[in-house]
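> this is the structure alone, sequence omitted:
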């Protein structure tokens, strides 16, 4: 994972989202407090990432299907049939975006939401992977396209942090303090609708109009609502799904299930719903849990979190045909680098090296250890830079790592 604090200002994905240094943001705002960043304090606007032409192309030419798009009006989500239909001959799935239906719905005041753009729109595929790498947490990116003077969704909170990046138009944002601090995925706002409505009757903690190039960060649980003003508004919502201490609790509980004392059956023939009956068993279980937790190795929890992150994040995209071509024409002076935002685990068993990826393990000879460490360090290199190997071996190793999708051209 990259360290955003070591990069030049403006070179990082984090710097595109927040004013000031990543260190200050991490210490004062991450998971704590909203942050408004004016366009003048950010490196540039967001039109290189997304714009109105991207919206039109995605809706009309990319064959998007639900749930990669949805529509809403005045707080209610529209039925998919209002903006989708079958794709016709050779593409007869029933839920593809229908550009004419989307046009009609937007002319009637509906907001269009394009979801999962970190998987479907190339500039955001790269940006999302880079941001996830810098933050160390999974990222998703949606776009909200709202007609003038309309509000797509009622006041609510998200169970993930968000960076709002205003692309075009202006939108008024009203932000209130949480009713649930740091809500988890199983604590959504609609289960607390009345509390949310009551909170919005209080004075907001932030009320602002985002203009093109402005950004705002909202920690999960922050109640917010947005309304387009006198023109079409497009903004990106970058959702960050943070790993939490509750994730650690879950990993710890999975680890202690190996302890027989914590798998024993509770007594039979008694009323386990009676607190007085349950109390001794509960006390014994707490004691056994404390003893078992003390013996859980940090490495086990770290490995499981690592696997979780591999599953929920995606490295920068690569082209299979381009990779095969690179492997064929590879020379000792070809500049290579590690595929950006790639997550892996490296293990040296003494006899074989193992590079553990999400769905496979790449095994290499033990004698390549020093060369592999150079290849996976992240800095650009050439096969000729790989230590401890003959020229032919250098090419063989580099070619293998290119074909496995670990290395790309620098």
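Happy to help now that I have it. Predicted model, so just to flag it, every value in this text is computed and none were measured.

> please name the nearest non-neighbouring residue to the residue nearest to the spatial centre of the chain.
The residue lying closest to the centre of the chain (C-alpha atoms, centre = their mean) is residue 139, at 1.3 Å. Sequence neighbours aside, residue 132 is the residue nearest to residue 139 in space, at 4.1 Å (criterion: C-beta to C-beta, 6 or more residues apart in numbering). Where C-beta positions appear, they are placed from N, C-alpha and C, glycine not excepted.

> and the residue lying closest to residue 233 once chain neighbours are set aside, how close does it get to residue 92?
For residue 233, ignoring the flanking residues on the chain, the nearest one in space by C-beta to C-beta, 6+ apart is residue 169 at 3.5 Å. Distance of residue 169 to residue 92, given as C-beta to C-beta, to the nearest Å: 36 Å.

> which of those two has more neighbours?
Counting neighbours by other C-beta atoms under 10 Å for residue 169 and for residue 92 shows that residue 169 has the greater number, 21 against 9.

> give me the element residue 26 is part of.
Residue 26 belongs to helix 22-28 when elements are defined using DSSP states H and E.

> ok so, going back, tell me the pLDDT at the residue nearest to the centre of the chain?
pLDDT, residue 139: 97.

> just the buried positions in stretch 104-113, please.
For stretch 104-113, the neighbour count (16 or more other C-beta atoms under 10 Å) marks 105-106, 109-113 as buried.

> next: stretch 45-64.
The neighbour-count check on stretch 45-64 (16+ other C-beta under 10 Å) flags 45-47, 49-51, 54-55, 58-59, 64 as buried.

> do the same with stretch 368-380
368, 371-372, 375-376.

> how far does it stretch from one end to the other?
18 Å (C-alpha to C-alpha, to the nearest Å).

> distance between that stretch and the chain's centre?
Chain-centre distance of stretch 368-380: 27 Å, with C-alpha atoms, centre = their mean, to the nearest Å.

> what strand or helix carries residue 326?
helix 320-328.

> quick one: furthest residue from the center of the chain?
Distance-from-mean max, the chain, by C-alpha atoms, centre = their mean: residue 269 at 49.0 Å.

> how close does that one sit to residue 262?
22 Å.

> ok, residue 159 next?
29 Å.

> who's more crowded, these two?
Between residue 159 and residue 262, counted using other C-beta under 10 Å, residue 159 has the larger neighbour count: 18 against 14.

> next one: phi and psi at the more buried one?
When read as degrees, to the nearest 10, the backbone of residue 159 gives phi -100, psi 20.

> before we move on, the earlier item: which element follows the helix holding residue 326 toward the C-terminus?
strand 336-338.

> for residue 275, grab phi and psi.
Phi and psi for residue 275, reported as degrees, to the nearest 10, are phi -50, psi -40.

> where does pLDDT dip in the stretch 51-200 of the chain?
152 (pLDDT under 70).

> the strands in it, which residues?
Shown for the stretch 51-200 of the chain, the strands assigned by DSSP state E, counting those that start in this stretch span residues 69-73, 76-77, 84-85, 96-97, 111-114, 139-146, 161-168, 171-176.

> the stretch 301-410 of the chain too?
Under DSSP E, counting those that start in this stretch, the stretch 301-410 of the chain gives strands at 336-338, 345-348, 352-356, 361-365, 407-409.

> could you say which of those is packed most deeply?
Using mean count of other C-beta atoms under 10 Å, the stretch among those with the greatest mean number of neighbours is strand 407-409 (a mean of 21).

> centre of the chain to it, how far?
The answer for strand 407-409 is 23 Å, by C-alpha atoms, centre = their mean.

> name the helices or strands packed onto that strand?
Judged by 3 or more C-beta pairs under 8 Å, 6 or more residues apart in numbering; DSSP states H and E, strand 407-409 is in contact with helix 320-328, strand 336-338, helix 391-403.

> isn't residue 224 right up against residue 154?
No: assessed by C-beta atoms under 8 Å, residue 224 is found out of contact with residue 154, at 10.5 Å.

> looking at those two, which is more packed in?
Legend: neighbour count by other C-beta under 10 Å for residue 224 and residue 154, higher for residue 224 (21 against 16).

> measure stretch 201-208 end to end?
Start-to-end, stretch 201-208 (C-alpha to C-alpha) is 17 Å.

> elements contacting the helix or strand containing residue 280?
For residue 280, the host element (DSSP H and E) is helix 275-294. Secondary-structure packing of helix 275-294 (3+ C-beta pairs under 8 Å, 6+ apart): helix 245-256.

> quick one on the thing from earlier: farthest-separated two in the buried residues of stretch 368-380?
The span of the buried residues of stretch 368-380, defined through C-beta to C-beta, is set by 368 and 376 at 11.2 Å.

> the helices and strands packed on strand 407-409: which one's closest to residue 31?
Among the helices and strands packed on strand 407-409, strand 336-338 sits nearest to residue 31 (C-beta to C-beta), with 29.0 Å.

> what does the closest one contact?
With contact meaning C-beta atoms under 8 Å, 6 or more residues apart in numbering, strand 336-338 is reached by 375-383, 398, 402, 406-410.

> give me the nearest residue to residue 395, chain neighbours excluded.
Here the residue nearest residue 395, using C-beta to C-beta, 6+ apart, is residue 383, at 5.4 Å.

> what is the burial count for the one you found?
When counting by other C-beta under 10 Å, one arrives at 26 neighbours for residue 383.

> before we move on, back to that, quick check, nearest of the buried residues of stretch 45-64 to residue 123?
residue 49 (4.9 Å).

> quick one: that closest one and residue 124 touch, right?
Yes: between residue 49 and residue 124 there is a contact under C-beta under 8 Å: 5.8 Å.

> if I look at these two, which residues touch both of them?
With C-beta under 8 Å, 6+ apart as the test, residue 49 and residue 124 both reach residue 236.

> residues making contact with stretch 65-83?
Against stretch 65-83 from outside (C-beta under 8 Å, 6+ apart): 58-59, 84, 93, 95-98, 101-102, 105-106, 108-116, 120, 150-154.
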